[in-house]
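>>> The following comprises the amino acid sequence and a computationally predicted model.
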Protein chains: 2
Amino acid sequence: MTFVQRLGAAAGLVEQRLSELLAECGPEEGGRLNAAMRHALLGGGKRFRPFLVIESAGLFGIEAHAALDAATAFECVHCYSLVHDDLPSMDNDDVRRGQPTVHKAFDEWTAILAGDALLTLAFEILARPQTNADPGVRAEMTRLLARAAGGSGMVLGQMLDLEAEKRGEPQRMTGEHVRRLQSLKTGALIAAACEAGAVLAHAPDKQRAALKGYGDKLGLAFQIADDLLDAEGDAERMGKATGKDSAAGKATLVGIIGIAEARAQLAAAVENAERELREFGDDAATLVEAAHFAASRGH
Amino acid sequence: MTFVQRLGAAAGLVEQRLSELLAECGPEEGGRLNAAMRHALLGGGKRFRPFLVIESAGLFGIEAHAALDAATAFECVHCYSLVHDDLPSMDNDDVRRGQPTVHKAFDEWTAILAGDALLTLAFEILARPQTNADPGVRAEMTRLLARAAGGSGMVLGQMLDLEAEKRGEPQRMTGEHVRRLQSLKTGALIAAACEAGAVLAHAPDKQRAALKGYGDKLGLAFQIADDLLDAEGDAERMGKATGKDSAAGKATLVGIIGIAEARAQLAAAVENAERELREFGDDAATLVEAAHFAASRGH
């Protein structure tokens, strides 16, 4: 199987399981809420975070189906964050992946509640005995995901991003500041997804730290590639060097350090990500490919 | 100590601990987010849900300090739900407990993110080894709280309440429908707080079921008393039988079954709550008082 086939196969498993979990979790009267959650969860996407959970667990011989429920919890958190980020008072996006965003397809209060329900569902999934027979693993997965997603992780990243944007300050941010913001907003969840495999496998601290280190660098590569795509895609199409994010007042690394330096930092991030995986040898081939994939998205 | 003194003492412990947890959890750069979370968490309130966790654990000889962190998680969820319910697209309330609501004191996106962070913090707290040495207890507390708070519990209740209100349908709802809605929106979290003591104590199923049953009836009494307070307070002041909630288009039990029948159902709920506690004998005296307290709030 090629990397893209593996990614696609994992996405298929994840979507099937998400669909089952949604069908289980909603009482009949929750039709509108359940439909909004379904719209948010099953509207496409690469399912990159659950893929990382499955592949990092696979490093230790854990089969995909045994990591699947834990993997879906990460996708629930990712999708909730998109629903809330798209809201009128935040990024005010009407379209995502070619579909109306949840607050456009339904309305604002439904979108807020669907996001709340998805975030809560993630923790319910992680805590269920079906997800893992060992309660120590369930509790530690909960702690890991909550820490990555909350007020000292992803939510803080979105907060800092919006604060800078609403104050019209992205232009005055340093590259270091943007990297910190992006590492919270995007990197924390990606790194936790990589670390999750080690938690599921009761791996030694050293291997868990290596996977977290890999995830940190992967998240960085992911974000620089996003910024480059935004800037270059736009430059090619429209003949100017600023894209959608910088036009929207978002802080982008490319806007601050330029395309050439961003490319250099992207290559370094991929190399550093690979280095963290060395101790796993050839077993980590797919995760190595994942770093290259993250760096080349859309290219 | 009188009941009110016990409630006040527990509130003091809970507020002190919430303040410590907030100070721990926020990196320095998270100033605005942390301030909004603090505004939401420390703006007053009776701390009734954490009190129920502490008192139900106390039935089994667990001291307050050993149940305290778990109790604070319930308060985090309660406060997040208030922040989101107050938002302009939901109940659009500007004032809560005499203070501006979070979206008025800060702004809408900060309120949404502060709510998200509080919800996530609740699960981080429950999953931490400091909260309970037994990972089985931590995982089960997480499952219990997530189930009560999410898309088949509290969030669904708020959804159904808003759906009825936005369609202008509360007048057409039956008493049974309103009770179901309120049992989801308010009752589920209260019942889970009562059940939590049994989880913390590894209590046998029968005692856990009794505490859940008590919590269900307590939640019902709590909500009928709220509806009565709304209707009677208003009737006394303004000479009409409809209050703030029914004026806002909210479904209230009193609006459907009338004050006399509501009072009869309230008395029955308190009696049923007491009955569930019989097997605990005199040890449950404080929880019995809690049911009477819930039924007489504001009177």
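Received it, and whenever you're ready, just let me know what you need. Here the structure is a predicted model, which is why all the values come from computation and not from measurement.

>>> hey, let's count contacts and neighbours off CA atoms from now on
Noted.

>>> does the closest residue to chain B within the stretch 151-299 of chain A count as helix, strand or coil?
Closest contact between the stretch 151-299 of chain A and chain B, by CA to the nearest CA, is at residue A:151 (4.9 Å). Put simply, residue A:151 is coil when judged by DSSP: H, G, I helix; E, B strand; the rest coil.

>>> what's the answer for the one 5 residues further on, then?
When the structure is split into helix, strand and coil by three-state DSSP, residue A:156 lands in helix.

>>> In contact with it, which residues?
If a contact means CA atoms under 8 Å, 6 or more residues apart in numbering or on different chains, then residue A:156 has A:150, A:184, A:185, B:30, B:33 as its contacts.

>>> Ignoring the adjacent residues along the chain, who's closest to the fourth one?
Counting by CA to CA, 6 or more residues apart in numbering or on different chains, residue A:156 is the residue found nearest to residue B:30 once chain neighbours are left out, at 6.4 Å.

>>> Could you report the distance from the one you found to residue A:184?
For residue A:156, the distance to residue A:184 (CA to CA, to the nearest Å) stands at 7 Å.

>>> Ok, residue A:229 next?
20 Å.

>>> Comparing the two, which residue is more hemmed in?
Ranked by neighbour count (other CA atoms under 10 Å in any protein chain shown), residue A:229 and residue A:184 place residue A:184 first, with 27 against 19.

>>> In this structure the more buried one contacts residue A:147, no?
No - Residue A:184 is not in contact with residue A:147 according to CA atoms under 8 Å; the separation is 10.8 Å.

>>> Most neighbours among the contacts of residue A:156, please name it.
Using other CA under 10 Å as the neighbour test, those are led by residue A:150, with 29 neighbours.

>>> Show me the strands in the stretch 1-150 of chain A, by range?
Assigned by DSSP state E, counting those that start in this stretch, the stretch 1-150 of chain A shows strands spanning A:95-96, A:99-100.

>>> Under the pLDDT cut-off, which ranges of the stretch 151-299 of chain A? List them.
Along the stretch 151-299 of chain A, segments meeting pLDDT under 70 span A:169-171, A:234-249, A:298-299.

>>> near chain B, which residues of the stretch 1-150 of chain A?
Contact residues (CA under 8 Å from any CA of the partner chain) of the stretch 1-150 of chain A with chain B: A:25-27, A:30, A:33-34, A:84, A:89-90, A:108-110, A:112-114, A:116-121, A:123-125, A:127-128, A:135-136, A:138-140, A:142-143, A:146-147, A:149-150.

>>> Tally up the residues packed near residue A:183, please.
The burial count for residue A:183: 22, using other CA under 10 Å.

>>> same check, this time on residue A:38
Around residue A:38 there are 18 residues (other CA under 10 Å).

>>> do residue A:209 as well
Close neighbours of residue A:209, defined as other CA under 10 Å, add up to 16.

>>> for residue A:90, same thing?
The number of residues near residue A:90, taken as other CA under 10 Å, comes to 18.

>>> Isn't residue A:40 up against residue A:102?
Yes - Residue A:40 lies in contact with residue A:102 (CA under 8 Å); the separation is 6.4 Å.

>>> Test my guess that residue A:94 contacts residue A:107.
No - counting by CA under 8 Å, residue A:94 stays clear of residue A:107, with 11.3 Å between them.

>>> Mind listing the shared neighbours of the two?
Joint contacts of residue A:94 and residue A:107 (CA under 8 Å, 6+ apart) do not exist.

>>> What sits closest to the residue of the stretch 151-299 of chain A closest to chain B if chain neighbours are left out?
Closest to residue A:151 by CA to CA, 6+ apart is residue B:117, at 4.9 Å.

>>> So that neighbour is in contact with residue A:148, correct?
No - with contact defined as CA under 8 Å, residue B:117 does not count as touching residue A:148 (10.9 Å).

>>> Rebuild the strands of the stretch 1-150 of chain A as CSV, extending it with distance to residue B:222, mean neighbour count and mean pLDDT.
Output for the strands of the stretch 1-150 of chain A, formatted as CSV (distance: least, CA to CA, whole Å; neighbours: other CA atoms under 10 Å in any protein chain shown; pLDDT from 0 to 100):
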stretch, distance to residue B:222, mean neighbour count, mean pLDDT
strand A:95-96, 42, 15, 94
strand A:99-100, 40, 14, 96
